[in-house]
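Participant: got a predicted structure plus its sequence, pasted below:
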Amino acid sequence: MANIKPLSCEVKPEWYVGAIVASFVPLLVSLVLWLIGWGIHIDDTHTVHYGMLLFVPSLLYNISSIRFIATEDLAGVTVLEVPAHEQAEGFLYAPRFLTKVFTLPRSLRQSQFPGEPEQIAKVSDEEADRMRSDLLRPIRITTGPAEGIDDDPLDARLTMEPTFTVTWQLELDQKAKDGDGGLFEFLINIPGRTWTQKVFYILKMMRDTGENALNIALSKHSAAWVNSHKQQIIDDVEDRIESKVTRWGILIDEVNVLGLDPDHDTNKSLAKIPQAKAERQATVEKAEGEKERHKLEAEGKADAMRTIADAQKDVDEKRGEGLAAGATKAGVSVRELMAFDITQTILGNKEGKFVFANGSGIADAVTVGATILETVGDKK
């Protein structure tokens, strides 16, 4: 969008010179009448001169037309509403009734937007319509979506309430010295009949421009990006405000943006993140430790079972070898000897002795052992 060219204003110093000359005419006329001696003769020794009657009010008029412009002010003089003269600090002669004097402050000013902290309403967006009339609407901007910044808890959407300060002043004195009509251009282009009304318009223009710049910068990026690019955002806001107001004769000295950091509640939440991470890591490590312990226990039990099985196998092998040798020696089969061994175990007492009811008990015991051995063999 093209910037609107400000209205120009031509200063006509000849009008100012003419006003000065016109203001001194009565004084000069009074001096001439006084020297000529025209007047009213009261008697032989007393005469009221016309020149004296005109000289005193003319002198008072010229004295009252002298003004002093303070160091921090800039003055402009119009003659019959025509811009005729601009002047910085010092004495200024501005004939009364013929001229009008305008003064503007040149001192450095600092303005905070949207206002001082106590002037900003602490209400939600839903309550904004019901806020007190003496309070100002806060600047609320929601940051852009997450950008995949690793391990940064601020890589998310957050609603921020930024404020910004602008240090500025009117840069009209150099134009005044060059005769460029800076003060009158300012008066013409900035709406308002009084300095207060013009300042209100300037501040509104600064706030709207700054808020728009913050909206553009913050809404594109996440809070993490905003937090790491503060100076870039400040420079962008300053450039936009400067481009808007410099053409009106306003010099921007400094712009500072506050509130780009997370608020107190968010900071409290962020402070808990390291603790939560540590607790989560401890939980994970504990679970992994438990898993490893159970694994080792299971492996230990398996190893023990294998050891027992191997030992039992050895015992069985050795026992089998012993049974084979015993069966050969007794002249019976291994199976008959094993059946007898099982029967002996069933009928044995604590001392390892066996008791039989009659002589046929041995044969009966062998029969029982053989039956048990066959049953076990079938199950296997």
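Facilitator: Sure, I can see it. The structure presented is a predicted model; accordingly, all values stated were derived computationally and were not measured. Numbering: from 1, shown residues only.

Participant: any low-confidence regions in the stretch 1-150 of the chain?
Facilitator: Along the stretch 1-150 of the chain, the parts satisfying pLDDT under 70 run over 1-8, 43-47, 125-129, 146-150.

Participant: all helices of it, in order?
Facilitator: Applying DSSP state H, counting those that start in this stretch to the stretch 1-150 of the chain gives helices spanning 13-36, 50-64.

Participant: the closest residue to Phe24 other than its chain neighbours and Glu254: what is the separation?
Facilitator: Excluding its sequence neighbours, the residue lying closest to Phe24 (C-beta to C-beta, 6 or more residues apart in numbering) is Asn62, at 6.8 Å. No exception for glycine: its C-beta is placed from N, CA and C like everyone else's. Distance from Asn62 to Glu254, counting by C-beta to C-beta, to the nearest Å: 45 Å.

Participant: please say which of these two ends up with more neighbours.
Facilitator: Asn62 (17 against 12; other C-beta atoms under 10 Å).

Participant: so what's the more buried one up against?
Facilitator: Taking C-beta atoms under 8 Å, 6 or more residues apart in numbering, we find Asn62 in contact with Ser23, Phe24, Leu27, Pro95.

Participant: any idea which element Val257 lies in?
Facilitator: strand 250-258 (DSSP states H and E).

Participant: could you list every helix and strand that that strand packs against?
Facilitator: strand 163-170, helix 195-220, helix 230-245 (3 or more C-beta pairs under 8 Å, 6 or more residues apart in numbering; DSSP states H and E).

Participant: and it, what's buried?
Facilitator: Ile250, Ile252, Val255, Val257 (16 or more other C-beta atoms under 10 Å).

Participant: and what of stretch 71-90?
Facilitator: 73-79, 82-88.

Participant: of the residues you listed, which belong to strands?
Facilitator: Residues of those located in strands (DSSP state E): 73-79, 82-87.

Participant: who touches the closest residue to Gln87 other than its chain neighbours in this structure?
Facilitator: Leaving aside its chain neighbours, Gln87 sits nearest to Ala75 (5.1 Å; criterion: C-beta to C-beta, 6+ apart). Ala75 sits next to Arg67, Ile69, Glu86, Gln87, Ala88, Leu92, Val101, Phe102, Thr103, Leu183 when contact means C-beta under 8 Å, 6+ apart.

Participant: cool, Pro57 as well?
Facilitator: Pro26 are the contacts of Pro57 under C-beta under 8 Å, 6+ apart.

Participant: repeat the analysis, applying 10 Å as the threshold.
Facilitator: Neighbouring residues of Pro57 by C-beta atoms under 10 Å, 6 or more residues apart in numbering: Pro26, Leu27, Ser30.

Participant: thought the last one was touching Leu60?
Facilitator: No: in this structure, Ser30 sits apart from Leu60 without contact. The criterion is C-beta atoms under 10 Å, and the distance is 11.6 Å.

Participant: who has more neighbours, those two?
Facilitator: Ser30 (21 against 10).

Participant: still on that earlier bit, name the nearest of the buried residues of strand 250-258 relative to Met160.
Facilitator: Val257 (10.4 Å; C-beta to C-beta).

Participant: residues in contact with that closest one?
Facilitator: 113, 162-165, 210, 213-214, 217, 230-231, 233-238.
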